[in-house]
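Student: Below are the sequence and a predicted model for it; my questions follow.
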Amino acid sequence: MSVSKSISTLRFDGGILCLDFVNTIDNRKKVSTSDYLATFKDLLLWYSRTGALSPKIIHTLERLAKDYPQKAAIVFEKSLTLRELLHRLFVAVIAGKSPAPADLMQFNSYIGEAYANIELTAAGKLQFNAPVLEQVYWWLVKSAVELYTAGKPAQIKECPACGWLFLDKSRNGSRKWCSMSTCGDVDKVTRNYQRTKRKKP
């Protein structure tokens, strides 16, 4: 996949960290699409925009990636594997189906690794106990576990236009698009064009 879009302009319509990460593929409804993430550095830029990691932690991870480029590459590939795994898991949730046993087993291995490195702070918050490269996917695992076990599967939806996943936090649960200003507008224009075309003799 080619990177044709910038992380600096990437929208965050998912409503939660793990879904925003799944949405770093430009359009899941197209065979040929763009991936916003090509390197470990891109992943850190994405985290910088989310605000999920402090500038201090990001700086530490940048230094570690520079000192251990091979490990950074492995961690990056493992992060992308997790991204596609999360997409499959949540699409299954949306469809009201159980996840594939192999996917559940794979995700449980991620959970085991991440939660073996988590600790409770005096302030009552959970944090990972070491500034290591693997933190970039541990936080995503934590976010996904919290969402998956929240008991609100109906809130997770898939945009019919681009395939992005998002939490529908609207009062009546009627949100259809990842964004009304993008996919919603495109749909509106398309439907207007089709109506006009049908009216022509």
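Tutor: Yep, it's here. Residues are numbered from 1 along each chain as shown.
Student: mind listing what the residue lying closest to residue 53 once chain neighbours are set aside touches?
Tutor: Nearest residue to residue 53, sequence neighbours excluded (Cβ to Cβ, 6 or more residues apart in numbering): residue 47, at 4.7 Å. Any C-beta I mention is one placed from the backbone N, CA and C, and that applies to glycine too. With contact set as Cβ atoms under 8 Å, 6 or more residues apart in numbering, residue 47 has these partners: 53, 58, 136.
Student: Same check on residue 167?
Tutor: 14-16, 19, 147, 155-157.
Student: Run through the bridge partners of it.
Tutor: Applying DSSP bridges to residue 167 yields these beta-bridge partners: residue 156.
Student: what's the spacing between it and residue 82?
Tutor: Distance of residue 167 to residue 82, given as Cβ to Cβ, to the nearest Å: 19 Å.
Student: what do you get for residue 178?
Tutor: Counting by Cβ to Cβ, the gap from residue 178 to residue 82 is 21 Å.
Student: now swap in residue 40 and tell me
Tutor: In this view, residue 40 and residue 82 are 14 Å apart by Cβ to Cβ.
Student: Residue 145 reaches residue 108, doesn't it?
Tutor: No. Counting by Cβ atoms under 8 Å, residue 108 is not a contact partner of residue 145; they are 10.2 Å apart.
Student: Show me which of the two is the more surrounded one.
Tutor: residue 145 (16 against 10; other Cβ atoms under 10 Å).
Student: Neighbours of the residue nearest to the more buried one when sequence neighbours are not counted, how many?
Tutor: Nearest non-adjacent residue to residue 145, counting by Cβ to Cβ, 6+ apart: residue 111, 6.2 Å away. By the criterion of other Cβ under 10 Å, residue 111 has 16 neighbours.
Student: start at 415 instead
Tutor: Right, with 415 as the first residue, what we last looked at is residue 525.
Student: is it true that residue 525 touches residue 562?
Tutor: No. In this structure residue 525 lies outside contact range of residue 562 using Cβ under 8 Å: 9.8 Å.
Student: coming back round to it: nearest to residue 489 among the contacts of residue 461?
Tutor: Taking Cβ to Cβ as the measure, residue 489 sits nearest to residue 550 out of these, at 6.4 Å.
Student: contacting residues for that closest one?
Tutor: Taking Cβ under 8 Å, 6+ apart, we find residue 550 in contact with 454, 457-458, 461, 475, 489-490, 493.
Student: Model confidence for it, exactly?
Tutor: As predicted, residue 550 sits at a pLDDT of 97.
Student: what does residue 518 give?
Tutor: Residue 518 is assigned 97 on the pLDDT scale.
Student: Can you verify it is assigned to a helix?
Tutor: Yes. Secondary structure of residue 518 (DSSP: H, G, I helix; E, B strand; the rest coil): part of a helix.
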